[in-house]
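In: Just the structure for this:
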Amino acid sequence: MAETKTTKRASLETQSASIQNFDKPMTHIDVVQMMRANEEFNNTNSVELTGRVVERYTYPLEPKAIIRDGVPVIDNETGEPRYYPQTNYVKIAFSGGETEIVERPDWQITLGSTYQFLGRVGTVKKFGKEETGFIFTDFRANPFMGAN
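Out: Okay, the predicted model is just below:
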């Protein structure tokens, strides 16, 4: 019977030693980093879309005058009618569909090339109505040569 007690005691000491070495105590910095990572995970608002540029167009094709109450709005400084801004769009084809993205003036996008567009979900205006949509702010070219 003495052997069983020593064997049990030895196995308990081995277990407690392995439990002590299993996980080091967490410091305050570790807890803060873990909380930040959790907060970032729960509050991330990001969108990535990879697709091929299949079309590029400007809307409206010709400048459209801003009309209020049946009268064109006149610019106070120049005395000429004001126009709605023309917007450049690119149509992206991706696995499962197509979408149109507003092309920013600083983007150098080639028709027929594949890009990854990066952005977020936000409120966008479409024809005077506010909707939830994608707002793309950046893009990356396909890093693989010849994959366009």
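In: Where does pLDDT dip in the protein?
Out: 1-23, 145-148 (pLDDT under 70).
In: Outside of stretch 96-113 itself, list whatever touches it.
Out: 49, 51-56, 87-92, 115, 117, 134, 136-137, 139, 141-142, 148 (CB atoms under 8 Å, 6 or more residues apart in numbering). Glycine gets a C-beta too; all of them are placed from N, C-alpha and C.
In: one more time with 7 Å, if that's ok
Out: 52-53, 56, 87-92, 115, 117, 136, 139, 148 (CB atoms under 7 Å, 6 or more residues apart in numbering).
In: Can you tell me which of those comes closest to Phe127?
Out: Set against Phe127, the nearest of these by CB to CB is Thr87 (12.2 Å).
In: Okay, and the beta partners of the closest one?
Out: Following DSSP bridges, Thr87 is listed with bridge partners Tyr59.
In: what's the answer for the one 10 residues further on, then?
Out: When bridges are called by DSSP bridges, Gly97 pairs up with Phe94.
In: Fine by me, we can end here.
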